[in-house]
Each structure stands twice: as C-alpha cells, then as structure tokens.
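Chemist: The sequence isn't on hand, but the structure is:
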C-alpha cells in the first residue's frame with residue numbers, strides 16, 4: 001500500500017504541475033470553457049463537480065492575477081476535449 005501511495009502522490013504532483021503550465025498558456029475565457037467541459041464530463045461520469053458560480057469566481061480571480069503578473073492572452077488551442085468526453 002505504501003508504494004502505491006508514493007506512486008499516486010508523484011503522479012498527482014506531476015499532473016498538478018502540468019495543469020498549471022497549461023493554464024498559463026490559456027486566456028481566462030478558454031479556462032472557463034475548459035473547466036465547464038471538464039465539469040460536464042465529471043458530472044456525466046462521476047457526479048457533480050464545481051458549481052458554475054464558483055467557476056466564474058475562480059476565472060475572475062485568475063484573470064486578475066494574470067493581469068497583475070503581465071500574462072497576455074494566447075490564441076485558442078485546438079482539441080481541448082478530454083478523452084472519453086463526447087458531445088451529443
């Protein structure tokens with residue numbers, strides 16, 4: 001069990017780092033779109049995710065933080081759909 005936890009811990013740390021890197025390349029609007037898609041996918045596969053109101057507040061806070069750090073809006077990346085998510 002200990003080795004499994006170590007591997008899980010390393011994997012989640014790496015995933016969090018990659019999520020931060022990806023989010024820095026995206027505009028607040030793109031983040032909102034991606035988080036909404038992820039929330040919809042989670043709701044369909046795992047149950048309810050974050051509320052849209054909380055999501056709007058987090059995108060607003062992210063936008064303010066990015067502006068204060070001098071981040072510029074990036075062009076919209078293609079193929080942001082998570083695996084296993086299909087539009088109907």
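Modeler: Yep, it's here. This one's a predicted model, so the numbers in the text were calculated from it and none came from an experiment. Numbering: from 1, shown residues only.
Chemist: Buried residues in stretch 32-52, which are they?
Modeler: Residues of stretch 32-52 classed as buried by neighbour count (16 or more other C-beta atoms under 10 Å): 32, 34, 35, 38, 39, 41, 49. For glycine as for every other residue, the C-beta is placed from the backbone atoms N, C-alpha and C.
Chemist: how much space between residue 12 and residue 18?
Modeler: From residue 12 across to residue 18, the span is 11 Å (C-beta to C-beta, to the nearest Å).
Chemist: Could you pull out the helices in the chain for me?
Modeler: 2-24, 28-45, 52-69 (DSSP state H).
Chemist: lowest-confidence stretch among those?
Modeler: Per-stretch mean pLDDT for the helices of the chain is lowest at helix 52-69 (a mean of 62).
Chemist: From residue 44, how far off is residue 28?
Modeler: The spacing between residue 28 and residue 44, counted by C-beta to C-beta, is 25 Å.
Chemist: of all the buried residues of stretch 32-52, which comes closest to residue 22?
Modeler: residue 34 (8.6 Å; C-beta to C-beta).
Chemist: Verify the stated contact: that closest one with residue 25.
Modeler: No - Residue 34 is beyond contact range of residue 25, at 11.3 Å (criterion: C-beta atoms under 8 Å).
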